[in-house]
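S.K.: missing the sequence, but the structure's below:
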DNA sequence: CTATGGCACGGATT
DNA sequence: AATCCGTGCCATAG
């Protein structure tokens, strides 16, 4: 009977439905944990290795050629390729999640951050120092920042502050680079320092982090440009660099953090759940969408287990049967999840191609409800699938998946654009009428709101920034 | 008097 | 049912 259930393709039980829901809403990191625990708890589950592409080491989606290195035969350019990708090709685009320890990255979120850091720096320290390091590491907040002043630790152990400083210095340069800093600014500076060893960094970056972070956070580019006496263009590019490469909250590169970053901070996401890129990085080609799966291979019910159950004693049989049921349910739910994600992202990619390729202005406003109807699933399914997931676009920016559904984003970008091109500071009322002419009907009050969302100063405090040349 | 920001309400979305 | 978002009204600053 349960064999029939396993074969069946449609969700039948409420348990199934519930589990699919939870799986859907999970990010890669959460999903990995879930799978791991399920795998170790349930003997009926097994993980089978899959074929990898010899060139790029990606998991091959079933039969056929690798969709990444060699173009699939009959894919049209407009049709994005969607496939499930294993975790080991996580695209690490920032210097601080370093390249030297990919496996450790995964095990690390199982153990807690202090232990993880301590393990790295263990041999560098004397026994005494190690204790202090451990103490220091227990006083981190959830973002990986230090909650108590160094002096306090020094007093606690009756040692000079400089000694604590040395220890902290070592900790800061360990894997979540910048961890145990006293402020986000300090964390960023350390990250910059480390980054500078491997690649050139814009010389402005340091200055901005040091002196202009508050302005940068509020996106007050014009202000910042003025106070540092450099062009707006430079500020923009450096700000891009910062948000691409640095992370004000070191711990968040470790735990896939579902919480929204504080609203007035540079948004940095690590480890996207989905990666969208061009085939072979060539904009001519079709889009490739990878849905990251946190395991290398395919999960399935162990067929041997299925056999064994036939010959087992009656009592064992019952216990095993429940394991088997659980296992097959889990596998099915996982498939369901992947299937839904795949279909959803395919549709999203088709609809929002302009946004993906050309940028924010081309975002088509659309609601989750529309997709739900198209894909014939419940609205809440889409909501769960979209919530707390991140996407990496071809331009290497990482954005929340929900921004594909943001109704106001395009208006905001147009507004931003208008203000940056304005000859003289326009008042909110004027901006509202201008926007109306372009087909965006928004109230004056709303313009004000968007303005502050974008961190743009009110008209009378703005200056006509069109002639700094 | 004009331009903005705060608070709060209602309708849409999730 | 809970939440988010646009908007209107009003107080305040310039």
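M.R.: Nice, I can see it. The model shown is predicted, which means the values in this text are computed figures rather than measured ones.
S.K.: Excluding chain neighbours, what is closest to residue A:202?
M.R.: residue A:238 (5.1 Å; CB to CB, 6 or more residues apart in numbering). Glycine gets a C-beta too; all of them are placed from N, C-alpha and C.
S.K.: what packs against the helix or strand hosting that neighbour?
M.R.: Residue A:238 is part of helix A:232-245 when elements are defined by DSSP states H and E. Secondary-structure packing of helix A:232-245 (3 or more CB pairs under 8 Å, 6 or more residues apart in numbering; DSSP states H and E): helix A:184-198, helix A:203-211, helix A:221-228.
S.K.: If we use 10 Å, what do you get?
M.R.: For helix A:232-245, the packing partners by 3 or more CB pairs under 10 Å, 6 or more residues apart in numbering; DSSP states H and E come out as helix A:184-198, helix A:203-211, helix A:213-217, helix A:221-228.
S.K.: before we move on, the earlier item: pull the number of nearby residues for the residue nearest to residue A:202.
M.R.: Look at residue A:238: counted by other CB atoms under 10 Å, it has 25 neighbours.
S.K.: OK, contacts around it?
M.R.: Contact partners of residue A:238, counting by CB atoms under 10 Å, 6 or more residues apart in numbering, are A:201-209, A:212, A:216, A:221, A:224, A:228, A:230.
S.K.: ok, now residue A:14?
M.R.: Residue A:14 neighbours (CB under 10 Å, 6+ apart): none.
S.K.: any idea how far it lies from DNA strand C?
M.R.: Using CB to the nearest atom of the strand, to the nearest Å, one obtains 20 Å as the distance from residue A:14 to DNA strand C.
S.K.: which of the residues in the longest helix anywhere in chain A are buried?
M.R.: Across chain A, the longest stretch assigned as helix under DSSP state H is helix A:314-351. Neighbour counts over helix A:314-351 (16 or more other CB atoms under 10 Å) mark A:320, A:323-338, A:340-349, A:351 as buried.
S.K.: Quick one: check it for contact with DNA strand B.
M.R.: No. Using CB under 7 Å from any atom of the strand, helix A:314-351 never reaches DNA strand B; the gap is at least 12.9 Å.
S.K.: After that helix, which helix or strand is next? Please name it.
M.R.: On the C-terminal side of helix A:314-351, the nearest following helix or strand under DSSP H and E is helix A:353-358.
S.K.: Now the element after that following helix, going C-ward?
M.R.: Next along from helix A:353-358, by DSSP H and E: helix A:368-375.
S.K.: so for that next one, what's the average pLDDT?
M.R.: For helix A:368-375, the per-residue pLDDT values average out at 84.
S.K.: Can you give me the neighbour number for residue A:136?
M.R.: Neighbours of residue A:136 (other CB under 10 Å): 22.
S.K.: Any residues of chain A in contact with DNA strand C? List them.
M.R.: Going by CB under 7 Å from any atom of the strand, the residues of chain A near DNA strand C are A:406, A:407, A:408, A:411, A:441, A:442, A:443, A:444, A:445, A:446, A:449, A:460.
S.K.: switch the cut-off to 6 Å
M.R.: A:407, A:408, A:442, A:443, A:445, A:446, A:449 (CB under 6 Å from any atom of the strand).
S.K.: ok, of those, which come out buried?
M.R.: For those, buried by 16+ other CB under 10 Å: A:408, A:442, A:446.
S.K.: List just the nearest of these to DNA strand B.
M.R.: residue A:446 (10.0 Å; CB to the nearest atom of the strand).
S.K.: and the closest one, what helix or strand is that in?
M.R.: helix A:444-453.
S.K.: avg pLDDT for that helix?
M.R.: 90.
S.K.: same question, stretch A:393-400
M.R.: Here the average pLDDT along stretch A:393-400 is 74.
S.K.: cool, and stretch A:30-42?
M.R.: Per-residue scores along stretch A:30-42 average to 81.
S.K.: how about it: buried residues?
M.R.: A:30, A:31, A:32, A:34, A:35, A:36, A:38, A:39, A:42.
S.K.: could you redo these as a markdown table and give each row distance to residue A:24 and secondary structure?
M.R.: Shown next, in a markdown table, are the buried residues of stretch A:30-42 (distance: CB to CB, whole Å; DSSP: H, G, I helix; E, B strand; the rest coil):
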| residue | distance to residue A:24 | secondary structure |
| --- | --- | --- |
| A:30 | 11 | helix |
| A:31 | 10 | helix |
| A:32 | 15 | helix |
| A:34 | 12 | helix |
| A:35 | 14 | helix |
| A:36 | 18 | helix |
| A:38 | 16 | helix |
| A:39 | 19 | helix |
| A:42 | 21 | coil |
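S.K.: Just give me the closest of these to DNA strand B.
M.R.: Distances from DNA strand B to those, taken by CB to the nearest atom of the strand, are shortest for residue A:30, at 18.1 Å.
S.K.: Check whether that closest one really touches residue A:337, as I assumed.
M.R.: No. Residue A:30 is beyond contact range of residue A:337, at 11.9 Å (criterion: CB atoms under 10 Å).
S.K.: Mutual contacts of those two, please.
M.R.: A:22, A:23.
S.K.: Now render the helices and strands packed on helix A:232-245 as JSON lines, adding mean neighbour count and mean pLDDT.
M.R.: Below are the helices and strands packed on helix A:232-245 laid out as JSON lines (neighbours: other CB atoms under 10 Å; pLDDT from 0 to 100):
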{"stretch": "helix A:184-198", "mean neighbour count": "19", "mean pLDDT": "79"}
{"stretch": "helix A:203-211", "mean neighbour count": "16", "mean pLDDT": "76"}
{"stretch": "helix A:213-217", "mean neighbour count": "18", "mean pLDDT": "65"}
{"stretch": "helix A:221-228", "mean neighbour count": "19", "mean pLDDT": "70"}
